[in-house]
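K.L.:
sharing a model prediction with you, sequence too.
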Amino acid sequence: MLLVAVVAAGATALYPIWRKAHPDPPELTVRYRTDTPATATAAEPSLEVFNDSKKPLPLSDVALRYYFTADGGSYAFNCVQAAFDCSDVAGTVVELDKPTDTADHYLELRFTDAAGTLKPGANSKGVDVQLYRVDHKKLDQSNDRSFDAEKTTYKESKTITAYKRGVLVWGEEPDGKKPDSDSKNASKAAADPAPDLPSDVLFDNFHYTGAKDPALFKHGWLVRTSDGGPGIEDTWSADGVTFPSEKDALGDGQVLNLRASTDGTKAGTKQASVGTSGREFKSGTYAARIHFSDDPTTGKNGDHVNQTFYTIGGKGTTYSELDNEYMPNGGWGRLGPKLDNVTWHTVDDRVYNTTVKSLAGWHTVVMTVKDGVVTYRVDGKKIYTTSGKYAPRAGMSVNFNTWFIDLPFKGGERSWDMKVDWLYYNAKDALSLEDVDSAVKNYSENGMNYFNTTS
């Protein structure tokens, strides 16, 4: 009996050594590739998750961490493309408690239930994301733990970690922790799965690198460069569309900035406009947090500039348009500063209300459409209501632009900026300002910079 006890004790003592030499196969594998050099405007990791287990793997159970060293300033991310949908990807940049020479932050990616479930042996296919500085300065990725310029095709990467329901199951953390079959020693991830997405909602807080960001187009936005009006004909340009950092933005993030500039001549004029490519928006709540300007950013004041949040769609007997037009110096023969709220029935038939007051600064502008009634609000206060034939009859696009009604003087170069912090649309309900703000805050805090579940 003594001999048996001694042998058993020895086996128990040797078991951890044996387990280390004979680990269980991983439940999942992460593969990585990138097309960017070490110096780049954005890191562009593309990640694949393989289900190596014999059981289905819900992607909502999985979190991925990409490690890097911050070069200064704040960082943001966006999803460019995913086989399921970028709407189902949430991302958060987190500072490490114990930094190393190659990692002091990580980008954590999580997935909603709508991302689906991987069958045994299945591959998520590529999740393409961008990680960048919000001041848009270039990155030095040469000392980033998870970056590997040689992996231009998908290869396994253990410098990217994966967690299943909070437990490390793939890769090696910067402090050397690896997956451990002993759950008492397993490393834990703090993040919960991404929350379920509400149906029939669009949200975007404009985390983009610029007017040519592929994610901007993939997320359904068009930067106007085509000819035509309104304003100074044929002067629409992408040059005025930027996404600068903004301390007053949601989560100290970024804004969509629309700059119109002129020297008083048509040849020296550029107008800026961004709108959705889809026209599925009709009833419900449209809300945007907007910074209007009473003064030019540069140059002499006095232009009849129009800073606009509007929807438009249909034609002929279904023509539909809802406008919020802020004109700090007035226009069309009427003095400013003023906000015109306009509901159109046809291109020749409209009704409007004018609020004569300064709206310089940040405001939440809300339009609701319910049961054929259109209501315009600013910061929760009702401004104007229309109904009957003056209500949308067709799906519309959502648009923001800054443009000149006319050019009252030459007077040298000047520019005007309109900023948009976020856009929220809910097709189901006519919501209060409090409901909108609560929803937007929740999305931002959960790393959901963009999603679109409208049909």
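P.N.:
Done, it's in. Numbering: from 1, shown residues only.

K.L.:
SS state for the nearest residue to Lys54 once chain neighbours are set aside?
P.N.:
Computed as C-beta to C-beta, 6 or more residues apart in numbering, the closest residue to Lys54 that is not its neighbour in sequence is Pro120, at 5.2 Å. Using the backbone N, CA and C atoms, a C-beta is placed for each residue, glycine as well. Under DSSP: H, G, I helix; E, B strand; the rest coil, Pro120 falls in the coil class.

K.L.:
list the contacts for Pro120?
P.N.:
Applying C-beta atoms under 8 Å, 6 or more residues apart in numbering to Pro120 gives the contacts Asn51, Ser53, Lys54, Lys55, Pro56.

K.L.:
from Asn449, how far off is the last one?
P.N.:
Looking back up the chat, that one is Pro56. When distance is defined by C-beta to C-beta, to the nearest Å, Pro56 is 28 Å away from Asn449.

K.L.:
do the second one as well
P.N.:
Distance of Ser53 to Asn449, computed by C-beta to C-beta: 31 Å.

K.L.:
between the two, point out the one with more neighbours.
P.N.:
Asn449 (29 against 16; other C-beta atoms under 10 Å).

K.L.:
now the more buried one: phi and psi?
P.N.:
Asn449 has phi and psi values of phi -70, psi -30 when expressed as degrees, to the nearest 10.

K.L.:
wait, it sits on Ala215?
P.N.:
No. Counting by C-beta atoms under 8 Å, Asn449 sits too far from Ala215 to count as a contact (9.6 Å).

K.L.:
between those two, which contacts overlap?
P.N.:
Joint contacts of Asn449 and Ala215 (C-beta under 8 Å, 6+ apart) are Asn78.

K.L.:
mind listing what Lys98 touches?
P.N.:
Lys98 neighbours (C-beta under 8 Å, 6+ apart): Pro174, Asp175.

K.L.:
neighbouring strands - and their directions - for the strand or helix carrying it?
P.N.:
Assigned by DSSP states H and E, Lys98 falls within strand 89-100. If you go by DSSP bridges, strand 89-100 pairs up with strand 103-111 (antiparallel).

K.L.:
tell me the domain boundaries of this structure?
P.N.:
21-170, 201-452 (automatic domain parsing).

K.L.:
need these in TSV with distance to Pro193 and mean pLDDT, can you?
P.N.:
Converted to TSV, the domains of the chain look like this (distance: least, C-beta to C-beta, whole Å; pLDDT from 0 to 100):
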stretch	distance to Pro193	mean pLDDT
domain 21-170	4	95
domain 201-452	10	97
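
K.L.:
now the ones you listed as a markdown table including distance to Gly176?
P.N.:
What follows is the domains of the chain, written out as a markdown table (distance: least, C-beta to C-beta, whole Å):
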| stretch | distance to Gly176 |
| --- | --- |
| domain 21-170 | 10 |
| domain 201-452 | 27 |
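
K.L.:
what's the closest of these to Asp192?
P.N.:
Comparing those against Asp192 with C-beta to C-beta, the closest turns out to be domain 21-170 (7.8 Å).

K.L.:
which positions in stretch 216-235 come out as buried?
P.N.:
Leu216, Lys218, His219, Gly220, Trp221, Leu222, Val223, Arg224, Gly231, Ile232, Thr235 (16 or more other C-beta atoms under 10 Å).

K.L.:
just those residues: which are in strands?
P.N.:
Within the buried residues of stretch 216-235, residues falling in strands by DSSP state E are Trp221, Leu222, Val223.

K.L.:
who are the contact partners of the nearest residue to the second one once chain neighbours are set aside?
P.N.:
With C-beta to C-beta, 6+ apart as the criterion, Leu222 has its nearest non-adjacent residue at 5.0 Å, and that residue is Ser277. Contacts were defined as C-beta under 8 Å, 6+ apart; by that measure Ser277 touches Gly220, Trp221, Leu222, Ser397.

K.L.:
how much space separates the last one from Glu246?
P.N.:
The one in question is Ser397. Distance from Ser397 to Glu246, by C-beta to C-beta: 25 Å.

K.L.:
just put the contacts of Ser277 in JSON lines and tack on distance to Ser273.
P.N.:
Below are the contacts of Ser277 laid out as JSON lines (distance: C-beta to C-beta, whole Å):
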{"residue": "Gly220", "distance to Ser273": "15"}
{"residue": "Trp221", "distance to Ser273": "11"}
{"residue": "Leu222", "distance to Ser273": "9"}
{"residue": "Ser397", "distance to Ser273": "11"}
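
K.L.:
let me know the closest of the residues you listed to Thr112.
P.N.:
Distances from Thr112 to the contacts of Ser277, taken as C-beta to C-beta, are shortest for Gly220 (18.2 Å).

K.L.:
can you tell me how far that closest one sits from Ser397?
P.N.:
Separation of Gly220 from Ser397 (C-beta to C-beta): 10 Å.

K.L.:
mind listing the shared neighbours of those two?
P.N.:
Between them, Gly220 and Ser397 share the contacting residues Thr276, Ser277, Gly278, judged by C-beta under 8 Å, 6+ apart.

K.L.:
which one of those residues is nearest Ser444?
P.N.:
Distance to Ser444 across the shared contacts of Gly220 and Ser397 (C-beta to C-beta) is lowest for Thr276, with 20.2 Å.

K.L.:
how close does the closest one get to Lys151?
P.N.:
35 Å.

K.L.:
in what helix or strand does Glu434 lie?
P.N.:
In this assignment (DSSP H and E), Glu434 forms part of helix 433-445.

K.L.:
can you list the buried residues in that helix?
P.N.:
The neighbour-count criterion (16+ other C-beta under 10 Å) identifies Val436, Asp437, Ala439, Val440, Tyr443, Ser444 as the buried residues of helix 433-445.
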